[in-house]
Structure formats: structure tokens, C-alpha cells
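# predicted structure and sequence below. I'll ask about it afterward.
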There are 2 protein chains.
Amino acid sequence: MPLSLSTAQALKLWHSVNLAMVRDDDPDLSIRQMTILLTIYLEAPPHTVRDLAKKLGVSKPVITRALDTMGKFDLVNRRRDDNDRRNVLVQRTVNGALYLERLSDTIRNDAKAV
Amino acid sequence: MPLSLSTAQALKLWHSVNLAMVRDDDPDLSIRQMTILLTIYLEAPPHTVRDLAKKLGVSKPVITRALDTMGKFDLVNRRRDDNDRRNVLVQRTVNGALYLERLSDTIRNDAKAV
DNA sequence: CCAGAATGATACGGAACCGAAACGATACCC
DNA sequence: GGGTATCGTTTCGGTTCCGTATCATTCTGG
């Protein structure tokens, strides 16, 4: 069933969720990093660097660097593809799942207050 | 009336809107910049650097620099307060209003598809 | 007046990210 | 096998953003 939002609701929701991200102490993910993370968790694997770059319309180094950063935070994992060792398979982590669970809680909670 | 979203809806909405921002060619605003912009447009004036810093829980230079950047894009405007010339009043612009209108269109449209 | 407080801007060194180009490793194909 | 294509990474120079400290300007209170 489709969600229907007014203009004011849409902007207020966006504002409150962004404000929550700014105010908490964790380091913010950039929009690109956030989009990569959500793609990995919402779409079916396998996820390769090349596929992610194509989906986001960005260059491959952007993906590599974002995976480096998010890997340091243990939000994603990299593994070589044994069937084609040129490929890198991007994998989910427990910590990444928890991160997105907290994000969805924030969104849902702010949506109720909008 | 409160919005009610499932976990999957919340994350899918967040994903699709972020993806749209990544894919379009305009330079992305950072989360902090976006939050400042939305605060200026959603909350009642006057908006000073100090107030914005307090609301977002960041230092004043963060606000000054974000206003510099968004001022270059003509998304916001600065004016000295004539009653207390130490203050800077942050003001809306036509271009900023258009920017947020496009943003809300994206959010509302993606919400329908979630 | 003048000392001190308040406000926003600036200086500084460091970190993160960018686009473009080049690189090493691996797979494919004739 | 040897040349070529593919894949992810690295390098390069440059830009932006950061936090902290400091600054100039303006107001306030005695």
C-alpha cells in the first residue's frame, strides 16, 4: 500500500531524521556511503564493486573508498569471489544490520511525530 | 495524523531518496548542510549562527562554513541584524525554496512507490 | 568611558573525499 | 600460450570539511 505524504510532512520527516543523525555522536556516513550500505542490505546479493558503481552512477574508486571506510566501521565486509577471483563480493555484517535497524527505528519514530 | 511505516518501508524510502540524490548531477549537500537548510525553512525566524549551532549540537564554525557553501549556491542569505550588529540573520532565498520543493517532490514520489 | 561578555568570522593543521589516470591480478579467447 | 578484456585497487593533485584556537566587532554594565 502506497504511502501518501504532504509536502510539509515530507520535509519535516527529512529534517527530523537528519537532525537526529547530526546530533548523535557517531560519525556520519556520507550520502554515497549510506546509499551503498542500503543497497547491500535491501537488494539481493551478490554485490560487486562494478555493479554498485553502475547502480549509483559513480566511478569504481568511489565504491572502493566507501567500502574501505565502512569496512573500518565494520558495517560491510569484502570477500574475493572464488569462482572469478577478479570479483569482490560485498557482504553484510551484524554491525551493519544493527546500524540500519537503528536507522529505521529513527525514521519510523520520527514519522509518527510528523 | 501520524505516519506509520514498517521497517522495510522506512529503509526502502530512505534508500530510494538517497539514491536519487546520488544519481542526479547537482552537488550533494552534506547532512549538516541539509539539516541547516531545513531548519531555516521549517522553523520560524530569526535564525542566527549561534542558535543554529545550538540546535544542531555543533560548533559555530561549522555553521559559518555551511552558510558560506550554501550561500555560493544561493540557497541561503546572510544579513546583519540592525538591532544588534553582532548577530547575523540567516534568510531564505527563492532558490533555496525551489531546492526544497524538488526534494519534497522526490520524497513524496518515492514514498508512493515504497 | 572602559572592562568584560557575546557574536560571528578566520587561521591553522589534519583528515576525508573527489575525478582521472594508471596498475596488478585474473579470466577469456583464438 | 599470448594477447586482450575485465575487475578492483592505487596513485595523483586538488578540494572540502573538520575541530580548536584565536580574532575583530559590537554590545553591556558599572
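Noted; the coordinates are in hand. This structure is a prediction, so every number in the text was calculated from the model and none was measured.
# and the helices in chain A, which stretches?
Counting by DSSP state H, chain A has helices at residues A:7-23, A:31-42, A:49-56, A:60-72, A:94-113.
# show the contacting residues for the residue nearest the centre of chain A.
The residue lying closest to the centre of chain A (CA atoms, centre = their mean) is residue A:37, at 2.6 Å. Residues counted as contacts of residue A:37 (CB atoms under 8 Å, 6 or more residues apart in numbering or on different chains) are A:29, A:70, A:75-76, A:96, A:99-100. Placement of C-beta: from N, CA and C, glycine included.
# need the pLDDT of residue A:1.
Residue A:1 carries a pLDDT value of 59.
# out of the contacts of residue A:37, which comes closest to residue B:90?
Closest approach to residue B:90 among the contacts of residue A:37 (CB to CB): residue A:29, at 26.3 Å.
# can you get me a residue count around the closest residue to DNA strand C within chain A?
Across chain A, the shortest distance to DNA strand C (CB to the nearest atom of the strand) belongs to residue A:85, at 3.3 Å. Applying other CB atoms under 10 Å in any protein chain shown, we find 8 other residues in the vicinity of residue A:85.
# and the gap between it and chain B?
Counting by CB to the nearest CB, to the nearest Å, the gap from residue A:85 to chain B is 29 Å.
# can you give me phi and psi for that residue?
When read as degrees, to the nearest 10, the backbone of residue A:85 gives phi -70, psi 0.
# what does residue A:27 give?
Main-chain dihedrals, residue A:27, degrees, to the nearest 10: phi -70, psi 140.
# count of neighbours near the nearest residue to it once chain neighbours are set aside?
Among residues not flanking residue A:27 along the chain, residue A:73 sits closest, at 7.6 Å (CB to CB, 6 or more residues apart in numbering or on different chains). Residues near residue A:73, counting by other CB under 10 Å, number 16.
# thought residue A:67 was touching residue A:78?
Yes: the criterion here is CB atoms under 8 Å, and residue A:67 meets it with residue A:78 at 6.2 Å.
# okay, and the common contacts of these two?
Contact criterion CB under 8 Å, 6+ apart; residues bridging residue A:67 and residue A:78 by contacting each: residue A:90.
# between these two, who's got more neighbours?
residue A:67 (23 against 13).
# residue most distant from the centroid, chain A?
Centroid-distance maximum for chain A: residue A:83 at 26.7 Å, with CA atoms, centre = their mean.
# quick one: contacts for residue A:92?
By CB under 8 Å, 6+ apart, the contact list for residue A:92 reads A:40-41, A:76-77.
# and it, what's its pLDDT?
Note for residue A:92: predicted pLDDT of 97.
# just residue A:105 next, same as before
At residue A:105, pLDDT is 96.
# and it, how far is that from residue A:99?
Using CB to CB, to the nearest Å, we find residue A:105 at a distance of 11 Å from residue A:99.
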